[in-house]
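Visitor: Predicted coordinates and the sequence they were generated for:
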Amino acid sequence: MIRIGSNSARSRSGGGIRIILAIGMAIFAIISYMSSQSTNEVTGENQHISLSKEQEIVLGYQSAPQMEAEFGGEYPDNQVQARIDEIGERLVSQSVAASQGWEFEFTVLDDEQTVNAFALPGGPVYITAGLLEQLSTEDQVAGVLGHEIGHVLARHSAAQMAQSELTNGLIGAVLVASDTNTAATAQMVAQLITMSYGRDDELQSDWLGVCIMDQAGYDPSEMVGVMQVLQAASGGSSMPEFASTHPNPENRIARIEEALNNLDQCPGRG
């Protein structure tokens, strides 16, 4: 009985140390996150960003070769690449993006099976040959590129990195302080939080893409056509919006139409 009592006391003592360590880890993660707040120059939103613009650009271009390789490398048709460069340059030079200091480059990827486009931190923008083939007008191509430019201007990647640092810190605190089941629950909650941020980012980039298209002289209503292409490409098998990192195309169309009716609220206007 004496031995059992001694082990129980050590267990309580160990539990107390774990809780103190967990509290310290959680406080450090929260303070680091809260102290990184800044105002986005384009959206006007307060964001938590731990990287400078220069660091974002370096990070994006360091990861570019690996990302290009994963999608088959650059599309071999130089004329197609040059045309995408022209459209991208027009979108940047004639919109609010021109004064933001990001280093944009536009590349077609030699992947005809994947319907996708994405941007890396700092400015590299990619569109697959598979998506390019689905688009029927130059305005729709501009819509895709404008959307990706919007991700860069809104600094979505850097904000998600800061969010990830916070959630990882809090998850680490839970792992130290609690049992496995509780930690698994915390991991699931953290994933849901990250997904929610993803949906908001996509809607904001749709809005910025519409604004950039309008400022560069493209027809911004063609962003609706882009959503219809994505909807058709999904074959009606897209996941429900609540469980996806990308909003349902039908819901995105409603938000795009709202943006088209409020172009005077675009950043850089007036």
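Guide: Good, I have the coordinates. Numbering: from 1, shown residues only.
Visitor: Would you state the strands of the stretch 1-150 of the chain in chain order?
Guide: In the stretch 1-150 of the chain, the strands defined using DSSP state E, counting those that start in this stretch lie at 37-39, 46-48, 105-109, 117-119, 124-128.
Visitor: Mean neighbour count added to those, as CSV?
Guide: To be clear about C-beta, it is placed using only N, CA and C from the backbone, and glycine gets the same treatment. CSV is the format used below for the strands of the stretch 1-150 of the chain (neighbours: other Cβ atoms under 10 Å):
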stretch, mean neighbour count
strand 37-39, 11
strand 46-48, 15
strand 105-109, 21
strand 117-119, 21
strand 124-128, 24
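Visitor: Can you add mean pLDDT and give those strands back as JSON lines?
Guide: Shown next, in JSON lines, are the strands of the stretch 1-150 of the chain (pLDDT from 0 to 100):
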{"stretch": "strand 37-39", "mean pLDDT": "87"}
{"stretch": "strand 46-48", "mean pLDDT": "88"}
{"stretch": "strand 105-109", "mean pLDDT": "98"}
{"stretch": "strand 117-119", "mean pLDDT": "93"}
{"stretch": "strand 124-128", "mean pLDDT": "96"}
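Visitor: out of those, nearest to Asp264?
Guide: For the strands of the stretch 1-150 of the chain, the distance to Asp264 is smallest for strand 37-39, at 21.5 Å, taking Cβ to Cβ.
Visitor: Who does that closest one pair with, and is each partner parallel or antiparallel?
Guide: According to DSSP bridges, strand 37-39 forms sheet pairs with strand 46-48 (antiparallel).
Visitor: how far out from the middle of the chain is the partner strand?
Guide: From the chain centre to the centre of strand 46-48 is a distance of 14 Å (Cα atoms, centre = their mean, to the nearest Å).
Visitor: Stretch 153-168 now?
Guide: 8 Å.
Visitor: And for stretch 79-93?
Guide: Computed by Cα atoms, centre = their mean, the chain-centroid distance of stretch 79-93 equals 22 Å.
Visitor: before we move on, what about stretch 218-234?
Guide: Remark: stretch 218-234 is offset 19 Å from the chain centroid, using Cα atoms, centre = their mean.
Visitor: quick one on the thing from earlier: how about the strands of the stretch 1-150 of the chain in JSON lines, adding distance to Leu230?
Guide: Shown next, in JSON lines, are the strands of the stretch 1-150 of the chain (distance: least, Cβ to Cβ, whole Å):
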{"stretch": "strand 37-39", "distance to Leu230": "32"}
{"stretch": "strand 46-48", "distance to Leu230": "27"}
{"stretch": "strand 105-109", "distance to Leu230": "17"}
{"stretch": "strand 117-119", "distance to Leu230": "10"}
{"stretch": "strand 124-128", "distance to Leu230": "13"}
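Visitor: wait, which of these is closest to Phe71?
Guide: Among the strands of the stretch 1-150 of the chain, strand 105-109 comes nearest to Phe71, with 4.0 Å by Cβ to Cβ.
Visitor: Which neighbouring elements make contact with that closest one?
Guide: Strand 105-109 sits against helix 78-93, strand 124-128, helix 129-134, with contacts defined as 3 or more Cβ pairs under 8 Å, 6 or more residues apart in numbering; DSSP states H and E.
Visitor: Quick one: low-confidence residue ranges for the stretch 151-270 of the chain.
Guide: 166, 169-197, 235-247, 270 (pLDDT under 70).
Visitor: what do you get if the cut-off is 90, keeping everything else the same?
Guide: When residues are selected by pLDDT under 90, those of the stretch 151-270 of the chain lie in 157-200, 229-252, 268-270.
Visitor: before we move on, the earlier item: could you point out which of the helices and strands packed on strand 105-109 sits nearest Val226?
Guide: Closest to Val226 of those, according to Cβ to Cβ: helix 129-134, at 9.3 Å.
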